[in-house]
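**Student:** Following is a predicted model, sequence given first.
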Amino acid sequence: MKRILSFILITAVCLSVTGCSFEDELDAGGLLSAPMMTTEQREIHEALTNAIGNEITLKYPKNGENRSAFVIENIDNEPTEEAIVFYQYKSADLDEGTVHVHILDQIDGKWSSAIDFAGSGAEVDRIFISPLREGRSPSIIIGYSTLSPSLNQFQIYSYDSENINTVYTDNYSLLSVVDFEDDGYYDIFKSSIDPETGKTEGVIIGQEGNEFYTIATVKMSDYISSYVQCRHGKTEDGKRAIFIDSLNADGYLQTDIISKSSKTYQNLSLVFKDKAFEKSVRDTGYLTQDVGRDGTLEIPTNEIMAGYEQADSVKNMITVFSGFDGDYSLKQKYKGFYMINDGYFFNMPPDMLKSATVKIDETTGESVFYKLEGTAQQSDKELFRINVVNSSEYENYRALGYMLITQQGQLRYIVKRTNTDEKLCLKLDDIKDNFYLIP
Ligand SMILES: [Ca+2]
Ligand SMILES: [Ca+2]
């Protein structure tokens, strides 16, 4: 439990200091040193430095799905791919640290510099290459972050092999592109927090001819301190939606759900505020997830676990994951034990929720499930314990009687069952069935 609490604290600090980010901000990938370049990236890098010199540092988008300094996509009417590269001059007095965008094209299979332009900030927050209208080349949408997250700026560019044009500029706090109708064309969704009043507004922006215009505005939850995550997925009735987790002024997470039905854009979460939005308010660290990895999104909330009192200094929590139902309410889908920093959730069957409890082994960090007898503290009949180990340690644990539940990369999720007849001591197959990796 100590580990969870410290994790929550770290997350809270991270949120308050940096405003953190979106999608997968728990992934430390963005913090690691620059990855090795592929052959293609090396060729692009060489063509770039041939054009502008060596005194540059590559810049990586901080958030979103494209985290590479090299975005390779077909962005015009000509069939080969182009490369978009972000960089900064090493000497800051040259341009005050502005990030530059360089587009390279392929001529007879060789990368060659095409266009260079300055962005509107020192950092790239995110980039989308998305078709916005039928019959048009995809647009390049780049969000630049500033020190004040409420004043980030994004620009939409159109590129035609010779020219780059900035066709739209706007401020944002949260930026995404969404294909609400599932037809391959995207709308731009942005939300802004007014730094003076704390008022927020969601805006959907589309393109008509060469003009960009506001298609609709949607109500967003007010008085938030920052946006934490924006996830794309589906509601329980199959509607495409974005789930936006934000931190409110009291330091709790809450979720807005934006969707489109019969030409109307709505914040579904706020339609019946008491049935959805207010039920989504929860502790930090509990981000919207896709439990089961089936495309539907679930919002986690907490309850005190059986065997613990509200007054306990260390709260042990049951986490409930709820989907958004067609009747504008949150509907419980999973209920169990969520070990956030180890990245798993164990869905507890009803008799376990009633008659079992979990304690963390302070020495090993394992989640230990006990039969509930009185309070958690009094309970000492162990059912099974779950651990996460490195693949290199796995054989040692196997020799100790641990069994594999599942694996991801180098990590092995393992369980050791006690040899009790107790029916709460689930069989390995039942443990596997109820075990979910998150994210
Ligand atoms: Ca092309
Ligand atoms: Ca799901």
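**Tutor:** Cool, the structure landed. Ligands and ions are numbered 1, 2, ... in the order given.

**Student:** and the residue of the stretch 201-350 of the chain found nearest ligand 1, how many residues sit next to it?
**Tutor:** Nearest residue of the stretch 201-350 of the chain to ligand 1: Gln207, at 19.8 Å (C-beta to the ion). From N, CA and C alone the C-beta is placed, and that goes for glycine too. Neighbourhood size, Gln207 [other C-beta atoms under 10 Å]: 21.

**Student:** try Asn66
**Tutor:** Asn66 has 18 neighbouring residues, counting by other C-beta under 10 Å.

**Student:** likewise Asp179?
**Tutor:** Other residues close to Asp179 by other C-beta under 10 Å number 14.

**Student:** Excluding residues flanking it in the chain, which one is nearest whichever residue of the chain sits closest to ligand 2?
**Tutor:** Closest approach between the chain and ligand 2, counting by C-beta to the ion: Thr296, at 3.9 Å. In space, and not counting its chain neighbours, Thr296 is closest to Lys234: 4.9 Å by C-beta to C-beta, 6 or more residues apart in numbering.

**Student:** hang on, isn't Gly143 packed against Gly119?
**Tutor:** No - Gly143 is not in contact with Gly119 according to C-beta atoms under 8 Å; the separation is 9.8 Å.

**Student:** Excluding its own residues, what touches stretch 49-65? List them.
**Tutor:** Around stretch 49-65, the neighbours that count as contacts under C-beta atoms under 8 Å, 6 or more residues apart in numbering are 21-23, 25, 30, 34, 45, 48, 67-69, 85-91, 99, 102, 113, 116, 123-128, 143, 145.

**Student:** Narrow these to those that are buried.
**Tutor:** Neighbour-count burial (16 or more other C-beta atoms under 10 Å) applied to the contacts of stretch 49-65 gives 21-23, 25, 45, 48, 67-69, 85-89, 99, 102, 113, 116, 123-128, 143, 145.

**Student:** about what we covered before: for the residue of the stretch 201-350 of the chain closest to ligand 1, phi and psi?
**Tutor:** phi -120, psi 140 (degrees, to the nearest 10).

**Student:** Check Pro138 too.
**Tutor:** As for Pro138, its main-chain torsions (degrees, to the nearest 10) stand at phi -60, psi 150.

**Student:** tell me the pLDDT at it?
**Tutor:** In this prediction, Pro138 carries a pLDDT score of 90.

**Student:** picking that back up, what about the residue of the chain closest to ligand 2, how many residues close to it?
**Tutor:** Neighbours of Thr296 using other C-beta under 10 Å come to 18.

**Student:** if I pick it, what's in contact with it?
**Tutor:** 233-236, 290, 323.

**Student:** repeat that for 10 Å
**Tutor:** Contacts for Thr296 (C-beta atoms under 10 Å, 6 or more residues apart in numbering) come out as 233-238, 241, 290, 323-324, 333.

**Student:** Run me through the strand neighbours of the strand or helix carrying Gln88, direction for each.
**Tutor:** Assigned by DSSP states H and E, Gln88 belongs to strand 82-89. Strands that pair with strand 82-89, judged by DSSP bridges, come out as strand 56-58 (antiparallel), strand 70-73 (antiparallel), strand 100-107 (antiparallel).

**Student:** Now render the ones you listed as a markdown table, adding distance to ligand 2 and mean pLDDT.
**Tutor:** Putting the strands paired with strand 82-89 into a markdown table (distance: least, C-beta to the ion, whole Å; pLDDT from 0 to 100) gives the following:
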| stretch | distance to ligand 2 | mean pLDDT |
| --- | --- | --- |
| strand 56-58 | 36 | 93 |
| strand 70-73 | 29 | 94 |
| strand 100-107 | 36 | 95 |
